[in-house]
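Trainee: Structure for this input, please:
(one chain, ligands or ions: 3)
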Amino acid sequence: MPTRNLVLVLGDQLSPRLSSLTTADPSHDTILMVEVEEEATYVRHHKKKIAFLFSAMRHFDKKLRSNGWNVEYVRINSRDNTGSFTSEVARTVERLKPDRVLVTEPGEWRVLNEVNTWSDRLDLPVDVLEDDRFLCSRTEFADWAMDRKQLRMEYFYREMRRKTSLLMDGDKPEGGRWNFDSENRKPSRTDLLIPSPAMFKPDAITKDVLKLVDERFGDHFGDLTPFWFAVKSEQADQALVHFLETALPLFGDYQDAMLKNERFLYHSVISHYINAGLLDPLYVCQSVEAAYRAGRAPLNAAEGFIRQIIGWREYVRGIYWLKMPDYLRENFFEAERSLPTFYWTAKTEMACVRAAVTQTKEEAYAHHIQRLMVTGNFAMLAGVRPQDVHEWYLAVYADAYEWVELPNTLGMSQFADGGLLGSKPYAASGNYINKMSDYCKSCRYDVKKKAGDDACPFNPLYWDFLVRNENKLRGNPRLAQVYRAWDHMSQDRKAAYLESAGRFLGDLD
Ligand code: FAD
Ligand code: DLZ
Ligand code: SF4
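Mentor: Numbers count the residues shown, from 1 in each chain. Ligands and ions are numbered 1, 2, ... in the order given. Take a look at the predicted model:
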């Protein structure tokens, strides 16, 4: 039967309720899924991330077929594979001669830009449908942002609570407050019983993919095995249930904590499932609310978790589409240092950075505070070019797509947008890391020392960063106290800080 619509389903669109799939008709339309070199290498993604996506795509293909869809699935090692979305769509159009191409809008500006050229190139209508897996559409966010001087997440989040009715008590927030974050900053404790995320054994499809990724992308960063990610929605559901039962109750309390021997703490480790389409974000939040209503989790945990998804996740996506493509070039501090090699090798004496990079290499995962306050904080203090930092984060995490990674990295962690996302840079000395983790106990540096060869590098770098960027930051009211502290410091102390920082940065080069 001739194909009426050719429906392109991308690797992060593995959801049965995807707008392109609900618009299409299995009796007339053909689905196209392609594993392409260009997507795996435009940044050299972590091996585990490529394996996760290819395996999840292959499982989704199987499910679509069993539901009666006609699927054209092009494997990465297929002889005819031309290596990019554009060339593969063109090749399939040539062969199947559909009336039109349907695609749910891609998550990345880069890909959407490409898709927008297809109608002319192929001489065919190309329909780009809204991605309604997000709760806030791009236009809705743009309307919210219009005429606002400051785009603060907290106010956006309240709108999303009202819109979704999550944790609402009539028109009031459940528990009388919108935000319970003040209860969510407990430091780490080593005497807690900490669960681990649900882990799954690779099946035959995944084993094939692991072999393939090893052969083809063996020189990319990261360990391929042990591989324990869910690769189909039923498993991702199990991972969610496991989180609700074992970790959610303490998620809030220890959200900002870090422990040397606990990589996941009470985090859900489901962002890569949500972002690829294996879990629906609203369903996840409703499940968390149900756990709270049933008395299985406290309000500070449920609210803190739901805020991450309907607040931060939706908000950063809104910012991304509002500000792209210029956002990619932002560099408020004019930072120009290249990313230090230890971001790839973990060969550094800083125990906190070593732990975060080692874990990233082994798991393609680090939790939020490691990303923000360890690797992100260090890069900003050291003056690394934000675009280098962005490419690293995009490549190394299994959950990374530009729409979510870029605002988090460039905006939240590097302050490269000059304060669109946050009212002050997330800059911190070793004291913060020491308070929230047990890393410093086994570090060769001394977190209490302010300057000198043994001093924790975060200490002098913190002041060096503030002094280096004084003209851009002194006017920030949230930093007034910090600059006052600098002003009151003795000349000797100031010189010791700056000299230590200079020596450390010189050695970095
Ligand atoms: P949990 O701590 O259990 O949080 C629950 C869920 O909330 C997550 O699964 C995620 O879906 C959502 N969430 C939490 N924080 C954020 C946030 N700031 N932005 C968007 N969603 C959030 N998240 C990504 O999904 N992809 C990225 O590429 C990414 N890059 C980041 C880069 C930097 C520099 C920073 C500071 C943060 C980044 N984040 C990113 C946000 C956050 O670190 C991850 O979502 C989180 O660590 C994923 O682990 P988890 O599933 O255990 O999350
Ligand atoms: C990240 C990724 C990788 C590594 N490979 C593929 C692929 O081969 N085929 C595919 O459809 N998608 C892949 N992806 C996800 C895409 O990069 C993602 O869909 C776009 O960036 C749009 O968000
Ligand atoms: Fe990190 Fe400094 Fe602590 Fe070492 S002493 S772990 S470098 S914060």
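Trainee: Do a quick rundown of the strands in the stretch 151-300 of the chain.
Mentor: Secondary structure of the stretch 151-300 of the chain, counting by DSSP state E, counting those that start in this stretch: strands at 168-169, 172-173.
Trainee: Make CSV from those strands and add mean pLDDT to it.
Mentor: Shown next, in CSV, are these (pLDDT from 0 to 100):
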stretch, mean pLDDT
strand 168-169, 96
strand 172-173, 96
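Trainee: Please name whichever of these is nearest to Ser78.
Mentor: Nearest to Ser78, of all the strands of the stretch 151-300 of the chain, is strand 168-169, at 50.0 Å by Cβ to Cβ. (Glycine included, C-beta is placed from N, CA and C.)
Trainee: Up against ligand 1, what does the stretch 301-450 of the chain have?
Mentor: For the stretch 301-450 of the chain, the residues in contact with ligand 1 (Cβ under 6 Å from any ligand atom) are 305, 308-309, 312-313, 316, 367-368, 371-372, 376, 393, 397, 399-400, 404-405, 408-409, 412-413.
Trainee: Equivalent analysis for the chain, please.
Mentor: Counting by Cβ under 6 Å from any ligand atom, the residues of the chain that sit close to ligand 1 are 267-271, 274-275, 305, 308-309, 312-313, 316, 367-368, 371-372, 376, 393, 397, 399-400, 404-405, 408-409, 412-413.
Trainee: how does it look with 5 Å?
Mentor: 267-271, 274, 308-309, 312-313, 316, 367-368, 371-372, 376, 393, 399-400, 404-405, 408-409, 413 (Cβ under 5 Å from any ligand atom).
Trainee: Helices - which of the residues you listed land there?
Mentor: Among the residues of the chain next to ligand 1, the subset assigned to helices under DSSP state H consists of 271, 274, 316, 368, 393, 404-405.
Trainee: Mark which of these are buried, thanks.
Mentor: 271, 274, 316, 368, 393, 404-405 (16 or more other Cβ atoms under 10 Å).
Trainee: do you know how far Asp208 is from ligand 1?
Mentor: 27 Å (Cβ to the nearest ligand atom, to the nearest Å).
Trainee: which residues does Leu421 contact?
Mentor: Contacts for Leu421 (Cβ atoms under 8 Å, 6 or more residues apart in numbering) come out as 151, 153, 316, 319, 407, 411-412.
Trainee: hey, which helix or strand in the chain has the poorest pLDDT?
Mentor: Across the helices and strands of the chain, mean confidence by mean pLDDT, DSSP states H and E is lowest for helix 248-251: a mean of 92.
Trainee: hmm, who's touching that helix?
Mentor: 192, 266-268, 288, 291, 296-298, 301-302, 304-305.
Trainee: Out of the residues you listed, which is nearest to Ile76?
Mentor: Taking the contacts of helix 248-251 together and measuring to Ile76 by Cβ to Cβ, the closest member is Ser268, at 29.8 Å.
Trainee: Leaving out sequence neighbours, find the closest residue to the closest one.
Mentor: Phe243 (4.4 Å; Cβ to Cβ, 6 or more residues apart in numbering).
Trainee: Can you verify my assumption that the one you found contacts Phe264?
Mentor: No: counting by Cβ atoms under 8 Å, Phe243 stays clear of Phe264, with 9.8 Å between them.
Trainee: so what sits against both of these two?
Mentor: With Cβ under 8 Å, 6+ apart, Phe243 and Phe264 have common neighbours Pro197.
Trainee: The two: which has the busier surroundings?
Mentor: The neighbour comparison of Phe243 against Phe264 (other Cβ atoms under 10 Å) goes to Phe243, with 25 against 19.
Trainee: and the residue in the stretch 151-300 of the chain that ligand 3 sits nearest to, how far is that from Gly304?
Mentor: Of all residues in the stretch 151-300 of the chain, Lys260 sits closest to ligand 3, at 9.2 Å by Cβ to the nearest ligand atom. Going from Lys260 to Gly304 by Cβ to Cβ, to the nearest Å gives 24 Å.
Trainee: How about Ile31?
Mentor: Counting by Cβ to Cβ - Ile31 and Gly304 are separated by 38 Å.
Trainee: all helices of the stretch 51-200 of the chain, in order?
Mentor: 85-96, 109-115, 118-122, 138-145, 153-164 (DSSP state H, counting those that start in this stretch).
Trainee: I'd like the ones you listed as TSV, with distance to ligand 2, mean neighbour count and mean pLDDT appended.
Mentor: Formatted as TSV, the helices of the stretch 51-200 of the chain follow (distance: least, Cβ to the nearest ligand atom, whole Å; neighbours: other Cβ atoms under 10 Å; pLDDT from 0 to 100):
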stretch	distance to ligand 2	mean neighbour count	mean pLDDT
helix 85-96	7	17	97
helix 109-115	4	16	98
helix 118-122	15	15	97
helix 138-145	14	15	96
helix 153-164	22	17	96
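Trainee: Just tell me which of those helices ends up closest to Ser182.
Mentor: helix 153-164 (13.0 Å).
Trainee: residues in contact with the closest one?
Mentor: Under Cβ under 8 Å, 6+ apart, the answer for helix 153-164 is 135-136, 141, 144, 166-168, 171, 173, 178-179, 282, 285, 306-307, 310-312, 314-315, 318, 421.
Trainee: same check, this time on stretch 466-485
Mentor: Contacts of stretch 466-485 (Cβ under 8 Å, 6+ apart): 332-333, 383, 418-419, 423-425, 427, 486, 498.
Trainee: Find the nearest non-adjacent residue to the residue of the stretch 51-200 of the chain found nearest ligand 1, please.
Mentor: For the stretch 51-200 of the chain, the residue closest to ligand 1 is Pro197, as judged by Cβ to the nearest ligand atom, at 7.9 Å. Take Pro197 and drop its neighbours on the chain: the residue closest to it by Cβ to Cβ, 6+ apart is Val269, 4.0 Å away.
Trainee: wait, doesn't the one you found sit right on Ala239?
Mentor: Yes: contact criterion Cβ under 8 Å: Val269 and Ala239 qualify, at 7.3 Å.
Trainee: out of these two, which sits in the more crowded spot?
Mentor: Taking neighbours as other Cβ under 10 Å, Val269 and Ala239 compare with Val269 leading, 24 against 21.
Trainee: so who does the more buried one touch?
Mentor: Val269 neighbours (Cβ under 8 Å, 6+ apart): 197, 239, 243, 365.
Trainee: Equivalent analysis for Asp203, please.
Mentor: Asp203 makes contacts with Val231, as judged by Cβ under 8 Å, 6+ apart.
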